[in-house]
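> Turn this into a model:
(4 chains)
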Number of protein chains: 2
Amino acid sequence: MTKASTFDRKGRATIVDVGRVAGVSDATVSRALNKPETVSAKTRARIEAAIAETGYVPNPLAKAMVSGRTYTIGALVPTLNHSIFSKFLHALESDLSDQGYNLVVAVTDADRDREVEKAKKLLAMGVEGLIVSGLSHNADLLREAARFAVPLIATSYYEPSAPLPTIGYDNKIVATQALAHLTALGHRRIAVAHGPVAGNDRTRSRIDALADPGEGASLTFYETTLDYAGGAAVVDRLEGPYSALLCLSDVLAVGALFQLRSLGKRVPEDISLMGFDDLDASQFTVPPLSTVRLPIQDMGRVTARAVCDFLDSGSPIAPRLLEAQVIARASTGAVPLAPGASDNPRGS
Amino acid sequence: MTKASTFDRKGRATIVDVGRVAGVSDATVSRALNKPETVSAKTRARIEAAIAETGYVPNPLAKAMVSGRTYTIGALVPTLNHSIFSKFLHALESDLSDQGYNLVVAVTDADRDREVEKAKKLLAMGVEGLIVSGLSHNADLLREAARFAVPLIATSYYEPSAPLPTIGYDNKIVATQALAHLTALGHRRIAVAHGPVAGNDRTRSRIDALADPGEGASLTFYETTLDYAGGAAVVDRLEGPYSALLCLSDVLAVGALFQLRSLGKRVPEDISLMGFDDLDASQFTVPPLSTVRLPIQDMGRVTARAVCDFLDSGSPIAPRLLEAQVIARASTGAVPLAPGASDNPRGS
DNA sequence: CAACGCAATGTAGACGTCTACATTTACTAT
DNA sequence: ATAGTAAATGTAGACGTCTACATTGCGTTG
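Have a look, this model is predicted:
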């Protein structure tokens, strides 16, 4: 009943106030809180009453200061508007949380300078680990992480020789898998749509992997903006008798699909369409989209485990390759028998 | 050049070590760091050298402990897999960051108990503010926030009489706006698809607002899962001659659209289709989706400002109504003249 | 040259919690 | 009863940084 009025030096009661009220020392209160079995039941009861009376709540900062731990991990992502990243964060948060860690999120807008800037903020607030996307970063990022002696992990990428541990898929292999799906269906003349290369090493690698397609295939690349409109735009720019359009992102593929259909092209009869990422929407488009499912969930899980293991027991963080999987749906099919017979009335 | 070897009591050099090397007291080092103008240029130079030599990096925890501030805000969202939430967080993070705050994210999976649980974790790590979605919460949530004397804001909701400040749109008004768009086009028999009501007060309010539609309109409600498949499923369950399908989420509408098209129904000739949220994809579907654009970006901005203003200058957090906007696109049209005359040959 | 004022730096203790070690208490076994 | 022991609690100081106040030193002014 006694209001906390006697304790509000700056408002909050401390462990010492609790001790005073309960008639014990602050050490005993601390023990009652952290190792209840070491304090007698009677005393514990008195302390609990005192806590209730004073409205004591532990000061997280003091605790962190003593333990030197914040149980906080920082993640830097280019954007939250792409489901690939939000899914990753979802999985990451889930697992970190299970292991008692919190997740701080910072958005970089794919800008390397902003990335370092925000990384510094995160470090200054005490994150114990830093997770970034991809491999191309401002050199200061590595330096800062090292200065603060905080582990730094790159995701969405697998490159064992990188200067920092990478956890993700191998973008080259993945691109090759997608291409293989198309060539196996007989496609040779293939258009490839992709988002901006600048500052996006994942896109870069995928393209590189396709540079020498083999199998007598010939690829033509179309760069565009990474959104539905970009996918649609590529369809308008398409030249030549492609039998397949490979989009290095499902967002592009869905955009392209809508545009193809509104132009009256049939998928896959006129042109096969393949995406990348396996968005939620991709299995519900008409026709359902063939795509490559990236191991995003796994990536979140594995990354979370790796950081936590490192922080909890010092096990070093090893690079880790995760496998992607081609999902063949109805948007890809065999090459039309008469390849030259492409008569499309006033198309595009 | 001298390695940090003399300072690694537990690894890191402290301000005291720097002082020792520079031949000054720790207070002077602290000042050199925080109010450089109060220390002579000569000393400052020596201190900087000492910092470089020792590899000193400030301990965020000690700093936070003294200042009593963490500059960290916690956000609890049901999921990160829905772009409505990730967009909100994107905007929120952006603005918080501009004002010098960090954002900790926790996912609740729309489970109230998990919500409190995670809220406690966030409070225990020292967040200075808590942001949640919607109005229905475990009672402990309010209590805990109060115990820690941390402001708690509900978003995606506007309800000035709520026990906590709300920043968002009025779900009833918004639903009414959508319905008005359809009735203005002459629709009277309307199917309404919505996600699970349990634990989702936003959906609840929208439905309530439609309970008494007026205008001689008659609505039938279909509950389904909140994903593309759910939207598609509703189409299959539809009974009766509806002239319009109103989906209380664009995800449902897009799912429904795909399904309608694969059944050969024309939109909007056979049935008008309206969504809710204005997803990125919604303007690129075929036909583009009429929808209600929710002020998500604004909500992030306004919420961020409100918390920061409160923390920085104590201005109380006031409820705030944000306006939604009907976006009329091609998926909605006038009611067909001969409502019964629906003869479409295997379309698409 | 004394007195003053200001700039630069040092001293000391606070912030709230934890913990190694010391002390007290109570009980058991002889 | 008495030493011995284990359980319960207290004492003191550490964690790293900040800051109010005290001190030092120097230059200016009359």
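> so where do the helices sit in the stretch 151-300 of chain A?
A:171-184, A:201-210, A:228-237, A:250-262, A:296-313 (DSSP state H, counting those that start in this stretch).
> Mind putting those into CSV with mean neighbour count?
Bear in mind the C-beta positions are built from the backbone N, C-alpha and C, glycine included. CSV is the format used below for the helices of the stretch 151-300 of chain A (neighbours: other C-beta atoms under 10 Å in any protein chain shown):
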stretch, mean neighbour count
helix A:171-184, 20
helix A:201-210, 20
helix A:228-237, 21
helix A:250-262, 26
helix A:296-313, 20
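> can you redo those helices as a markdown table with distance to A:Ala154 and mean pLDDT?
Shown next, in a markdown table, are the helices of the stretch 151-300 of chain A (distance: least, C-beta to C-beta, whole Å; pLDDT from 0 to 100):
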| stretch | distance to A:Ala154 | mean pLDDT |
| --- | --- | --- |
| helix A:171-184 | 12 | 95 |
| helix A:201-210 | 10 | 90 |
| helix A:228-237 | 26 | 94 |
| helix A:250-262 | 23 | 91 |
| helix A:296-313 | 10 | 96 |
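> So which residues on the stretch 51-200 of chain A come close to chain B?
Residues of the stretch 51-200 of chain A lying close to chain B (C-beta under 8 Å from any C-beta of the partner chain) are A:55, A:57-62, A:64-65, A:68, A:70-72, A:79-81, A:83, A:86-87, A:89-90, A:93-94, A:97, A:102-107, A:118, A:121-126, A:147-149.
> The residues you listed, buried ones only, as a PyMOL selection?
Listed next is the PyMOL selection for buried residues among these, using 16 or more other C-beta atoms under 10 Å in any protein chain shown:
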select buried, chain A and resi 55+57+58+60+61+64+65+70+71+72+79+80+81+83+86+87+89+90+93+94+97+102+103+104+105+106+107+118+121+122+123+124+125+126+148
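> Keep the residues of the stretch 51-200 of chain A next to chain B, but drop any that are not near DNA strand C.
A:Pro58, A:Asn59, A:Ala62, A:Met65 (C-beta under 7 Å from any atom of the strand).
> In helices only, show me those residues.
Mapping these onto helices (DSSP state H) picks out A:Ala62, A:Met65.
> got CSV for the ones next to DNA strand C among the residues of the stretch 51-200 of chain A next to chain B, with pLDDT too?
CSV is the format used below for these (pLDDT from 0 to 100):
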residue, pLDDT
A:Pro58, 94
A:Asn59, 94
A:Ala62, 94
A:Met65, 92
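> which one of the ones next to DNA strand C among the residues of the stretch 51-200 of chain A next to chain B sits closest to B:Ala233?
A:Pro58 (48.6 Å; C-beta to C-beta).
> show me where chain A has strands.
In chain A, the segments counted as strands under DSSP state E are A:72-77, A:102-107, A:129-133, A:152-155, A:166-168, A:189-194, A:218-223, A:244-247, A:272-274, A:291-293, A:320-321, A:325-327.
> closest to A:Arg266 out of those strands?
That would be, of the strands of chain A and by C-beta to C-beta, strand A:272-274, which comes in at 10.5 Å.
> So for B:Ala175, which of the helices of the stretch 151-300 of chain A sits nearest?
Per C-beta to C-beta, nearest to B:Ala175 of those: helix A:228-237, 26.4 Å.
> is any part of stretch A:55-72 close to DNA strand D?
Yes: against DNA strand D, stretch A:55-72 shows contacts by C-beta under 7 Å from any atom of the strand at A:Met65, A:Val66, A:Gly68.
> For the stretch 51-200 of chain A, which residues are neighbours of DNA strand C?
A:Tyr56, A:Pro58, A:Asn59, A:Ala62, A:Lys63, A:Met65, A:Val66, A:Ser67.
> so which residue of the stretch 51-200 of chain A comes closest to DNA strand D?
Nearest to DNA strand D, among the residues of the stretch 51-200 of chain A, is A:Val66, at 4.4 Å (C-beta to the nearest atom of the strand).
> Burial check on that residue, number of neighbours?
10 (other C-beta atoms under 10 Å in any protein chain shown).
> Switch the helices of the stretch 151-300 of chain A over to CSV; also include distance to DNA strand D.
Below are those laid out as CSV (distance: least, C-beta to the nearest atom of the strand, whole Å):
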stretch, distance to DNA strand D
helix A:171-184, 40
helix A:201-210, 35
helix A:228-237, 47
helix A:250-262, 45
helix A:296-313, 17
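> Tell me which of those helices lies nearest to B:Asp111.
helix A:296-313 (19.0 Å).
> That closest one versus strand A:102-107: what angle between them?
Inter-element angle recorded for helix A:296-313 and strand A:102-107: 130 degrees (by axes from the mean of the first three to the mean of the last three C-alpha atoms, to 10 degrees).
> helices or strands up against helix A:296-313?
Packing partners of helix A:296-313 (3 or more C-beta pairs under 8 Å, 6 or more residues apart in numbering or on different chains; DSSP states H and E): helix A:83-98, strand A:129-133, strand A:152-155, strand A:166-168.
> gap between the second one and the chain center?
This means strand A:129-133. 9 Å (C-alpha atoms, centre = their mean, to the nearest Å).
> so what strands line up beside it?
strand A:72-77 (parallel), strand A:152-155 (parallel) (DSSP bridges).
> could those strands be laid out in CSV, adding distance to A:Ser243 and mean pLDDT?
Below are the strands paired with strand A:129-133 laid out as CSV (distance: least, C-beta to C-beta, whole Å; pLDDT from 0 to 100):
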stretch, distance to A:Ser243, mean pLDDT
strand A:72-77, 36, 98
strand A:152-155, 34, 97
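> As CSV, those strands with distance to B:Ala217 would be great.
Converted to CSV, these look like this (distance: least, C-beta to C-beta, whole Å):
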stretch, distance to B:Ala217
strand A:72-77, 44
strand A:152-155, 50
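> mind listing what A:Glu323 touches?
A:Tyr169, A:Pro295 (C-beta atoms under 8 Å, 6 or more residues apart in numbering or on different chains).
> ok, it to B:Thr166 distance?
45 Å (C-beta to C-beta, to the nearest Å).
> what's the answer for A:Phe258, then?
37 Å.
> returning to that earlier point: what's the farthest-apart pair in the residues of the stretch 51-200 of chain A next to DNA strand C?
Most distant of these, by C-beta to C-beta, are A:Tyr56 and A:Ser67, 19.0 Å apart.
> okay, these two: which has more neighbours?
A:Tyr56 (24 against 10).
> Do I have it right that that one meets A:Asp17?
Yes: between A:Tyr56 and A:Asp17 there is a contact at 6.8 Å, judged by C-beta atoms under 8 Å.
> thinking again about what came up before, and the residues of the stretch 51-200 of chain A next to DNA strand C as JSON lines, adding distance to B:Tyr158?
What follows is these, written out as JSON lines (distance: C-beta to C-beta, whole Å):
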{"residue": "A:Tyr56", "distance to B:Tyr158": "35"}
{"residue": "A:Pro58", "distance to B:Tyr158": "35"}
{"residue": "A:Asn59", "distance to B:Tyr158": "35"}
{"residue": "A:Ala62", "distance to B:Tyr158": "38"}
{"residue": "A:Lys63", "distance to B:Tyr158": "37"}
{"residue": "A:Met65", "distance to B:Tyr158": "40"}
{"residue": "A:Val66", "distance to B:Tyr158": "43"}
{"residue": "A:Ser67", "distance to B:Tyr158": "41"}
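> Right, I'll call it a day here.
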